[in-house]
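> A structural model of the following input is requested.
(one chain, ligands or ions: 1)
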Amino acid sequence: MKSFQTLLTELNNGILIVTLNREDKLNALNKMVVGEIGEVMQEVYTNAEIKGVVITGKGSKAFAAGADIAEFKGLDEAQGKALAKRGHDTFNMIEMCPKPVIAAVNGFALGGGCELAMACHIRIASENAKFGQPEVNLGLIPGYGGTQRLVQLIGKGKALEMLMTAEMIDAHTAQKLGLVNDVVQTVELLDHCKGMVTKIASKAPFAIAQVIQSVYAHFKEGLDGFDTEITLFGKCVTTEDFVEGTAAFLEKRKASFKGY
Ligand code: COA
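Model (predicted):
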């Protein structure tokens with residue numbers, strides 16, 4: 001894989017670790033970071049060696065402390081919309097990725113950082129993680145999907161509270177609200193996330209991709225999630241992995257999946 005200016009990537013045993021690499025700026029998401037995340041996601045979609053992704057931040061302090069505020073100066077309306085649109089397009093690629101993408105949240109996940117974590121399929125937080133959408137402090141609202149994904153994850157009342165008060169919440173509160181799946185010790189964070197990707201990657205990959213598509217159909221305007229599920233269930237039974245998975249169960253052996 002090519003090397004990036006703002007990201008570190010490491011592919012081991014099918015797991016791609018993507019580390020936001022602007023530690024001195026608390027891994028703030030500038031245009032280049034967002035662009036490079038898009039490039040990495042293209043690679044994830046097309047590279048068969050990659051079975052799943054873990055996204056994390058460099059250092060012990062931050063996952064990502066938001067969009068890069070230094071780039072906001074002098075934006076006009078069209079530029080503001082274009083900035084948000086680029087973020088939306090990139091984060092949608094994460095959300096709709098047919099392979100598991102897990103956020104290993106190792107510190108501040110604020111603004112765009114919280115939005116990046118929410119675009120991932122699963123969020124695991126370290127004990128020191130902190131979440132917040134502080135955009136109203138800057139005269140802004142979230143621009144990378146935060147007003148929508150936060151409501152989807154924690155419900156309207158708590159989402160509005162976080163969005164309007166700009167207060168941070170700690171990892172355990174985030175877990176109670178359903179914003180994160182698990183809280184683990186900081187030293188265990190990456191191994192825990194890698195373990196999850198490995199477990200998911202051992203299942204039928206085509207079925208995993210259909211699970212993701214079917215769940216997100218719930219949130220997509222113009223799509224009926226129940227109809228989508230019926231269609232995708234139908235597709236699954238046409239795969240060799242369905243034949244293999246059911247045969248392996250009946251023959252009391254471990255299934256060997258091919259991804260089709
Ligand atoms: N954009 C650009 N730079 C950022 C940043 C952001 N979102 N968040 C942090 N940084 C930079 C700081 O400017 C500082 O850079 P400097 O050393 O060149 O001055 C560096 O990262 C360290 O941050 P600092 O504020 O000194 O750390 P802290 O421990 O005192 O505070 C935070 C940590 C997260 C509370 C604080 O950095 C913060 O509030 N960041 C902005 C959060 C935000 O509003 N995000 C939403 C953006 S839409």
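> how distant is the lengthiest helix in the chain from the center of its chain?
Ranked by residue count under DSSP state H, the longest helix found in the chain is helix 77-95. Computed by CA atoms, centre = their mean, to the nearest Å, the chain-centroid distance of helix 77-95 equals 15 Å.
> Which strands or helices does it pack on?
Applying 3 or more CB pairs under 8 Å, 6 or more residues apart in numbering; DSSP states H and E, we find helix 77-95 packed against helix 31-46, helix 112-119. C-beta coordinates here come from the backbone N, C-alpha and C atoms, glycine included.
> Run through who's touching the helix or strand immediately after that helix in the chain.
Next along the chain after helix 77-95, taking DSSP states H and E as the criterion, comes strand 101-105. With contacts defined as CB atoms under 8 Å, 6 or more residues apart in numbering, strand 101-105 is touched by 44, 52-57, 63, 94, 109, 116-117, 119-126, 129, 131, 171, 180, 189-190, 192-193, 196-197.
> Cross-reference those with the helices and report the matches.
44, 94, 116-117, 119, 171, 189-190, 192-193, 196-197.
> could you pull out the helices for the stretch 151-260 of the chain?
Assignment of helices within the stretch 151-260 of the chain using DSSP state H, counting those that start in this stretch yields the ranges 156-165, 171-177, 189-201, 205-217, 225-236, 240-250.
> any idea how far G111 is from the ligand?
Noted for G111: a distance of 3 Å to the ligand, by CB to the nearest ligand atom, to the nearest Å.
> what residues does the stretch 1-150 of the chain put near the ligand?
Counting by CB under 6 Å from any ligand atom, the stretch 1-150 of the chain comes close to the ligand at 25-26, 28, 65-70, 108, 110-112, 134-135, 137-138.
> re the thing from before, quick check: mean pLDDT across the longest helix of the chain?
The average pLDDT within helix 77-95 is 98.
> list the buried ones in that helix?
Within helix 77-95, the residues scored as buried using 16 or more other CB atoms under 10 Å are 83-84, 86-88, 90-91, 93-95.
> and if you look at stretch 5-19?
6-7, 9, 11, 15-19.
> What of stretch 39-51?
Result for stretch 39-51 [16+ other CB under 10 Å]: buried residues 40-41, 43-44, 50-51.
> so how far is it off the chain centroid?
Offset of stretch 39-51 from its chain centre (CA atoms, centre = their mean): 14 Å.
> Any chance you could list what contacts that stretch?
Against stretch 39-51 from outside (CB under 8 Å, 6+ apart): 1-2, 4, 7, 9, 11, 14-16, 18, 53, 90, 93-94, 97-99, 101, 197, 201, 205, 259.
> distance of I169 from the ligand?
Distance from I169 to the ligand, by CB to the nearest ligand atom: 13 Å.
> Pretty sure P134 is one of the things that residue touches, is it not?
No - contact criterion CB atoms under 8 Å: I169 and P134 do not qualify, at 11.6 Å.
> For M196, the count of nearby residues, please.
As a burial measure, M196 scores 21 neighbours (other CB atoms under 10 Å).
> With adjacent residues omitted, what lies nearest to it?
I102 (5.8 Å; CB to CB, 6 or more residues apart in numbering).
> returning to what we had before: just tell me which of the helices of the stretch 151-260 of the chain ends up closest to the ligand.
helix 156-165 (12.0 Å; CB to the nearest ligand atom).
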